[in-house]
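[1] fold the following for me, if possible:
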Amino acid sequence: MFVDQAVRSGALVAEERRQASVLLLLSEFLVPSLRLVLEEGERVQAILTHLQTHVLVPYWRNAPLRRTAHGGAFMKLMERLVRVPSATRLWRKDAWEMFLDASFFPLGRFSTPRTYANIVQVACAADRDRMADLLARMAPSQTAALFTSSRESEAESRCALLKRVSFVLLGGQVDEYVKLLPIISEKIVELLRIGLIWTLEETLRCLSVMLIKFSHKHLVSQWPIVLTELVRH
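    Model prediction:
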């Protein structure tokens, strides 16, 4: 029995290494070559479609798989793909759905937050309404105000969304989302007023990102409102 388990374990490790090797080959050789043959539209389209069906979609939809060693190799492949504008439409929808999924965090030790942030940022840049939609999802529910359990559950969901707002900000340029700054501040104040420990932690995390990603001149008008709520805690 132990021998059989060892054999299966060894076969699994070998398969993981094989998959990681294939992904690294794709990222090191196939993706860079796409730029050299972009004029051959049909051929490139066929390659990208095959890549989407058999590589991208299975990884985006499998969080445990993304956290393995060959999941790290997949992220290297994505790092290359984000530099190919014609390939963006193939992965951005699945990447954004993955980003909104509850299993997105934690990211895993084989991929850096910066890699994920870059991917999410490209997906956002392809659809400028995505950040606004993310903030709109944080609207408080009337039902949750009536029941404690619903209120806490909703607060947890809104904190998860704020965490994603922070992540998008982190991947963007300074002042890139300045038009949405008043709405972001409003959402932070709403969460602070709930008065739960995890809402305080998440709002402080977002405020620290805002200090990095917004110019001082834009933050000045927002601080009195936010600080008033912080002092109450």
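[2] what pLDDT does the spatially most central residue of the chain get?
    Centroid check for the chain by CA atoms, centre = their mean gives Phe99 as the closest residue, at 4.0 Å. Phe99 carries a pLDDT value of 90.
[3] how close does it sit to Met138?
    Using CB to CB, to the nearest Å, Phe99 is found at 15 Å from Met138. (C-beta placed from N, C-alpha, C; glycine too.)
[4] residues near Gly195, how many?
    Neighbourhood size, Gly195 [other CB atoms under 10 Å]: 12.
[5] got a pLDDT number for it?
    80.
[6] cool, and Leu181?
    Value for Leu181, per-residue pLDDT: 95.
[7] ok, how many other residues are close to it?
    Neighbour tally, Leu181, other CB under 10 Å: 18.
[8] related to what we said a few turns ago, enumerate every residue touching the residue nearest to the centre of the chain.
    Neighbouring residues of Phe99 by CB atoms under 8 Å, 6 or more residues apart in numbering: Val120, Ala123, Arg164, Phe167.
[9] could you redo the residues you listed as TSV and give each row pLDDT and distance to Lys213?
    Formatted as TSV, the contacts of Phe99 follow (pLDDT from 0 to 100; distance: CB to CB, whole Å):
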residue	pLDDT	distance to Lys213
Val120	90	14
Ala123	88	18
Arg164	95	14
Phe167	94	11
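[10] I'd like the residues you listed as TSV, with neighbour count and secondary structure appended.
    Listed next are these as TSV, based on neighbours: other CB atoms under 10 Å; DSSP: H, G, I helix; E, B strand; the rest coil:
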residue	neighbour count	secondary structure
Val120	23	helix
Ala123	23	helix
Arg164	19	helix
Phe167	23	helix
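[11] which one of the residues you listed is nearest to Ile225?
    Of all the contacts of Phe99, Ile225 sits closest to Arg164, with 22.3 Å by CB to CB.
[12] list the contacts of that closest one.
    With CB under 8 Å, 6+ apart, Arg164 has these contacts: Phe99, Leu100, Phe104, Leu134.
[13] if we go to 6 Å?
    Residues near Arg164 by CB atoms under 6 Å, 6 or more residues apart in numbering: none.
[14] any idea how far it is from Val120?
    8 Å.
[15] what do you get for Gln222?
    Taken as CB to CB, the span from Gln222 to Val120 is 24 Å.
[16] ok, now Pro113?
    Relative to Val120, and taking CB to CB, Pro113 is found at 10 Å.
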